[in-house]
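> Provide a 3D model corresponding to the input given below.
(chains A, B, C and D)
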Number of protein chains: 4
Amino acid sequence: MANFKGHALPGSFFLLFGLWWSVKFPLKYLGRKTRPGCHASSRPCYSRIELAEGVAKAVFSLVGILAEQFVPDGPHLWLMSGEKHSWVKLMNWQHSTMYLFFGISGLVDILSQTGPRLPLGLDRLALSLAVFIEGFLFYFHLHNRPPLDVHIHSLLLTAVFGGAFTIGLEVFLRDHIVLEMFRASLAILQGTWFWQIGFVLFPFRGWQTWASDDHGNMTFITMCFCWHYAVSLFIIGVNYALVCLCVHMKSKKDGGLELGNLKSSREKNSQLSLLNGSDEE
Amino acid sequence: MANFKGHALPGSFFLLFGLWWSVKFPLKYLGRKTRPGCHASSRPCYSRIELAEGVAKAVFSLVGILAEQFVPDGPHLWLMSGEKHSWVKLMNWQHSTMYLFFGISGLVDILSQTGPRLPLGLDRLALSLAVFIEGFLFYFHLHNRPPLDVHIHSLLLTAVFGGAFTIGLEVFLRDHIVLEMFRASLAILQGTWFWQIGFVLFPFRGWQTWASDDHGNMTFITMCFCWHYAVSLFIIGVNYALVCLCVHMKSKKDGGLELGNLKSSREKNSQLSLLNGSDEE
Amino acid sequence: MANFKGHALPGSFFLLFGLWWSVKFPLKYLGRKTRPGCHASSRPCYSRIELAEGVAKAVFSLVGILAEQFVPDGPHLWLMSGEKHSWVKLMNWQHSTMYLFFGISGLVDILSQTGPRLPLGLDRLALSLAVFIEGFLFYFHLHNRPPLDVHIHSLLLTAVFGGAFTIGLEVFLRDHIVLEMFRASLAILQGTWFWQIGFVLFPFRGWQTWASDDHGNMTFITMCFCWHYAVSLFIIGVNYALVCLCVHMKSKKDGGLELGNLKSSREKNSQLSLLNGSDEE
Amino acid sequence: MANFKGHALPGSFFLLFGLWWSVKFPLKYLGRKTRPGCHASSRPCYSRIELAEGVAKAVFSLVGILAEQFVPDGPHLWLMSGEKHSWVKLMNWQHSTMYLFFGISGLVDILSQTGPRLPLGLDRLALSLAVFIEGFLFYFHLHNRPPLDVHIHSLLLTAVFGGAFTIGLEVFLRDHIVLEMFRASLAILQGTWFWQIGFVLFPFRGWQTWASDDHGNMTFITMCFCWHYAVSLFIIGVNYALVCLCVHMKSKKDGGLELGNLKSSREKNSQLSLLNGSDEE
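Residues are numbered from 1 along each chain as shown, chains lettered A, B, ... in the order given. All right, here's what the predicted structure looks like:
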């Protein structure tokens, strides 16, 4: 779907996941610090959240695949047209392939939560692979396009491969809050940049089209990508602050009921965070 | 051997090893989890399996070298033809070189199991080097070929260098199940992709040949590579599930005999897996 | 500001930070070794120093942004000139963007020291991102320039991306003295190289201009970059030696007062440094 | 010195160091395993060996710099010839620069052994930087050369940058025997390859010169590089086996004197090697 909608749709999905992660990870991290006794990822509520995330990913991917195949001008599961042996709607097939790997990642998430015997870190590997395949297909997709088109997609690849690498690191450094927030920021960047690509390549009626070989445009677009990232960092920061506030309010409210308990757990907490610090070193 | 057989043969070897690994590693991992008291890699049965794998690798490599040298149109150990000082059958020599390094890897495997003084991780380094050299020779081998040929081999290189890197990581993160399953999936991918290269570059009589500079073909081949990987992941998943089932059945059967023992070991197991989890973080 | 001053100014900032780091990190490291009981980064004096560094970074960045925008020939916050829809002073906007990310890094430093709930390592990530964005913008900035100009900036990129990578590693290996001294040496290199770029591209009146396509010039410039680094290493070495001497003098002076205490702490120290050594292995 | 001698000389140095390392590291590793109580790197005899290595590096580098400057057709410390402001003998200056960084590495080695306050890992960083700078200068040195010349040096770069990366890893994974043996193998490869470059680019009188643009030559050279590495691995293996034998003989001879002591230390050893194994995981 090489039109505005075809970029806005995946952009919205990435934005949604990025925003969700920018709330989930701080919540998990600060919750872990406040109640250090119980390990966050072993709590049933987190398990249910992970499960829901996996289901959402799998459903979105399935919808994506079906949409790409059965839109009116889609391939309807035909790969070759019989007479001339020519390929049918390769672009739609390519997008279906991308969705397929995100679907696999969703499936692994679900199995990780329901089946107790999957090794830790497999969910991260599957997500990392899905993002890598997305970048891989984009990379070979850029051949023979006008310069501005190539450049604007290359910038996207920075975010995509950066994300794949970060999630790949999480296989080994699980629940590392800095990596997780970095991942969230890259997902938001990817989301907003998909929208930007839509606006640049398919301007609305009445808007000026972008000259494809103007050097000024290239320079501006590069800079604009950095601004998108600055905005993404800002969103991450605001969400972190809000979560911080919520957790603080809640722990205060709980304080009236279990004051003595809390106080001693706080002391433990401060010790633990120190230990944690030196652990992470 | 630039023909269909010359691609199907190594493809079959990689496929075989990939399938074998996709059974061996889960077996080792789940066995370790079920009987946590004894460290898997120190048990004599695993040692014998590793030894057999090493011997297989060494024998296959030797056969490969001899085949490449002494097929009717091979170089028969001649490197230069006397009169004109021109090189003799460099392609066969190149393949022999690839086999040589897999042979070295097999030898290191054997020595690691029989000689008790080889440092841990050397076997992984030798295998990683063998795969790297394979990719290295392929990379410089692509010069001056038609575009489709270059592209289809470049895709192979992604799997090869990815494999070399993963096995290289195993030098430091030994017995890491996620890395091992990833390695197995890349080996299967490499195996099936060698077959695909054979089908594309040397189509059977009556089949349509592939236009070498058609952009649609390039796009399809890239996508097809991703589908191969999806199939590889599916095979890995099925094998993991089967192994899981077998281990479960066996531990149930053993349960009748040594019930009390098992129960306490299971409790230990659940604690250990938690520790294991936080260890891996 | 594509003139001598526009290179000398950022060069001076990097030089300043590099020199400061080449004193701060050894001081912190040797202080930690001498008084092993108290963890350096938890002491209030170090916290104040980090805070001051953050404030300095933020203020410098703000000044930089304002200067780039409001110099007489700056864009004065205009991005497009109304009539022809052409971009206004993109170079100044680009430099403002670079400063923006260093400002964000400064802000994160400040929040890390004042707000107690920011995760460890976020300050390093923010600095790493700022340096990466600097390199990222420079990289796309080099298009369509004369060969010597491209080459001299490419060399700078080695230092920039090396720095971004090193600081990125510090997210996981916090307070690793070798990484920190390496970072300091790259900052000094970047500082002096900015000055060198200024001298080469904008020679003073009466000086010979550099032929842009002379191969000898290219070779010399590459070599000259290595000499700059040798000088940077020399400065790092001298500063380390001076700090070493100061710490030794001070611990001797303190020795008169708390002799018995020191002696036992020294014994502990030597044990600790051994442990430390095996920890870092 | 762009002649045979100019390649044979550095080749011999690298070969010498590689051979020395292929003996030193196994000796240190097996010694550590046999007498697990005392940590190898803290023993005075190893300290003296490291010191001698540092002095050798520093002296060789100094001799190298002086030779490059003061050979009859050298620059004699002149950088520009006065009249035409043209560069003097840049090749010799470039080689001097390479030697300079190896000299710095030697100096850091010496200071690490004599001055007790240098942080662990700095010696590895300095050596890694020296090798990196060597590769860095080589890389920019290849511009405008005939294809075979570029290719044969590119292959060298694989060994050089591989070595720099490996030694860089040793900053964090100090005394890791697999990394150390890999480093030694790359040093031997570099040494023999320098000789090979000499033979190819400056053939002796009466030998056939190599056609610079023949594709067969390129393919052969790539393969030949792999053979060099196979030989290097073979040398490493033989040296390891010899050291193993010597240590075994010596521990047997010592056994007569301190039998009881040895036996218990061996038991400890086997436990330790297990722990070691799981440590390295």
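
> Where do the helices of the stretch 1-150 of chain A begin and end?
For the stretch 1-150 of chain A, the helices defined by DSSP state H, counting those that start in this stretch cover A:4-34, A:44-70, A:90-114, A:122-141, A:147-170.

> would you list those in CSV and tack on mean pLDDT, distance to chain B and mean neighbour count?
Every residue, glycine included, has its C-beta placed from N, CA and C. Formatted as CSV, the helices of the stretch 1-150 of chain A follow (pLDDT from 0 to 100; distance: least, CB to the nearest CB, whole Å; neighbours: other CB atoms under 10 Å in any protein chain shown):
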stretch, mean pLDDT, distance to chain B, mean neighbour count
helix A:4-34, 89, 12, 19
helix A:44-70, 89, 12, 16
helix A:90-114, 92, 5, 21
helix A:122-141, 94, 4, 22
helix A:147-170, 94, 10, 20
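
> right, so of those, which gets closest to D:Ala187?
helix A:147-170 (30.3 Å; CB to CB).

> touching chain D at all, the closest one?
No. Helix A:147-170 lies apart from chain D when judged by CB under 8 Å from any CB of the partner chain; the minimum separation is 15.3 Å.

> so that helix versus helix A:122-141, what angle?
Put simply, helix A:147-170 runs at 160 degrees to helix A:122-141, going by axes from the mean of the first three to the mean of the last three CA atoms, to 10 degrees.

> Who are the packing partners of helix A:147-170?
helix A:122-141, helix A:177-201, helix A:215-257 (3 or more CB pairs under 8 Å, 6 or more residues apart in numbering or on different chains; DSSP states H and E).

> Would you mind writing the CA trace of it as CSV?
Extracted C-alpha coordinates of helix A:147-170, given in CSV (Å, rounded to 0.1, in the frame of the first residue of the first chain):
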residue,chain,number,x,y,z
PRO,A,147,17.2,10.1,-3.8
LEU,A,148,14.8,11.7,-1.2
ASP,A,149,12.8,8.5,-1.0
VAL,A,150,16.0,6.5,-0.4
HIS,A,151,17.3,8.9,2.2
ILE,A,152,14.0,9.2,4.2
HIS,A,153,13.8,5.4,4.4
SER,A,154,17.5,5.1,5.3
LEU,A,155,16.9,7.3,8.3
LEU,A,156,14.1,5.0,9.3
LEU,A,157,16.5,2.1,9.0
THR,A,158,18.7,3.7,11.7
ALA,A,159,15.8,3.5,14.1
VAL,A,160,14.8,0.0,13.0
PHE,A,161,18.3,-1.6,13.2
GLY,A,162,19.0,0.3,16.4
GLY,A,163,15.8,-1.2,17.8
ALA,A,164,16.7,-4.7,16.7
PHE,A,165,20.1,-4.4,18.3
THR,A,166,18.8,-3.1,21.5
ILE,A,167,16.2,-5.8,21.8
GLY,A,168,18.9,-8.3,20.9
LEU,A,169,20.9,-7.1,23.9
GLU,A,170,17.9,-7.6,26.1
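
> from the chain's centre, how far out does it sit?
12 Å (CA atoms, centre = their mean, to the nearest Å).

> if I look at the spatially closest residue to A:Gly103 that is not a sequence neighbour, how far off is chain C?
The spatially closest residue to A:Gly103, leaving aside those adjacent along the chain, is A:Ser61, at 3.4 Å (CB to CB, 6 or more residues apart in numbering or on different chains). To chain C, A:Ser61 is 30 Å away according to CB to the nearest CB, to the nearest Å.
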